[in-house]
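**Q** give me a model of this one.
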Amino acid sequence: MSREAFLDRAMAAGVVLLGEQHATPSHHRWQADVVAGLLERGRAVVLGLEQLPRSAQPALDRWVAGALSAEAFRAESGWDRHWGHDFAAYLPLLELARERRVPLVALNIDRAFVRAVGREGYAKAAAGGAPVGRPAPPPPAYVASLERVFATHAKEPDPAALARFVEAQTVWDRAFAEGLLAARRAHPEAVAVGVMGLGHVEHGWGAEHQLRALGETAIVSAIPVPAAPPCPVASDAADALFGAG
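**A** The predicted model follows:
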């Protein structure tokens, strides 16, 4: 598939999901290139970021408005506290948004709630109120993949702890889905582009599954892969795989 053919598909979407290996400069240049391609074709864009929680939204608004320097934005948004990955790697994407006045939306939620879900499960963690709705049950294949991740960290098998771990991961997916749909409602003329880790995009198991559960079906996904063969992921891991260094 050519870049232009991919952009044709993205132009018709309501939501475009772009994965990344965090703080990989070539991945963020590629994400910026996709956004630029949509803008060049006249498609309005609202850009959702996994990297920051919703409490950082005022800093994102001030950045897009040109009221903050890069370092002031880094401090005001709490980038190092909330995210910690190399700020400079994300600057091409952030600077494009400011130059083209693309609204930026913080998709993430307070990690304390996610940790509480991991300890107690969603029902108990949400008893006093929750920043995100209860996630739709994940696909079995997603559960199996998360089980493999859990097994690398668990000292011994614990089905209850595994179930809470899966719930915690799907809470993130649900937060991103709800944030992207809220962005679409706020900017109905725009396609909502979500920038997030590969694991939330691959195979449509994460954010896409939650989006579909919420009624959004016009979704296009893409992830970056090494440009040289062999490709390390399955060809059906996303709608498009981009060689991105």
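**Q** C-alpha only now, for contacts and for neighbours.
**A** Will do.
**Q** quick one: F6 is in a helix?
**A** Yes. Counting by DSSP: H, G, I helix; E, B strand; the rest coil, F6 falls inside a helix.
**Q** quick one, helices of this structure?
**A** For the chain, helices defined by DSSP state H occupy the ranges 3-11, 25-40, 57-64, 70-77, 79-82, 87-99, 111-120, 122-125, 140-153, 159-186, 207-213.
**Q** residues in contact with the most centrally placed residue in the chain?
**A** For the chain, the residue whose C-alpha lies nearest the mean C-alpha position (C-alpha atoms, centre = their mean) is M196; its distance is 2.7 Å. Residues near M196 by C-alpha atoms under 8 Å, 6 or more residues apart in numbering: L17, L18, G19, E20, L49, E50, Q51.
**Q** the closest residue to E76 other than its chain neighbours and A89: what is the separation?
**A** Leaving out its chain neighbours, the residue that sits closest to E76 by C-alpha to C-alpha, 6 or more residues apart in numbering is A59, at 6.0 Å. When distance is defined by C-alpha to C-alpha, to the nearest Å, A59 is 18 Å away from A89.
**Q** neighbour count winner among those two?
**A** Using other C-alpha atoms under 10 Å as the criterion, A59 and A89 rank with A59 on top: 21 against 17.
**Q** bridged to V225, which residues?
**A** On the basis of DSSP bridges, V225 takes part in beta bridges with G243.
**Q** actually V16, not the one I wrote
**A** Under the criterion used (DSSP bridges), V16 bridges to V193, V220.
**Q** need the contact list for it.
**A** Shown here is V16, whose contacts under the criterion C-alpha under 8 Å, 6+ apart are A10, V191, A192, V193, G194, I219, V220, S221, A222.
**Q** go again using 7 Å as the cut-off
**A** By C-alpha atoms under 7 Å, 6 or more residues apart in numbering, V16 lies in contact with A10, A192, V193, G194, I219, V220, S221.
**Q** same thing with P131?
**A** I109.
**Q** same question for L47.
**A** With C-alpha under 7 Å, 6+ apart, L47 has these contacts: V102, P103, L104, V105, A192, V193, G194.
**Q** pLDDT below threshold where in the chain?
**A** Confidence mapping of the chain against pLDDT under 70 gives the ranges 155.
**Q** try it again at 50.
**A** When residues are selected by pLDDT under 50, none of them lie in the chain.
**Q** any idea how far A36 is from the nearest residue to K124 once chain neighbours are set aside?
**A** The shortest distance from K124 to any residue that is not its chain neighbour, by C-alpha to C-alpha, 6+ apart, is 7.6 Å, and that residue is V117. Relative to A36, V117 is positioned 37 Å away (criterion: C-alpha to C-alpha).
**Q** since that was my last question, I'll sign off now.
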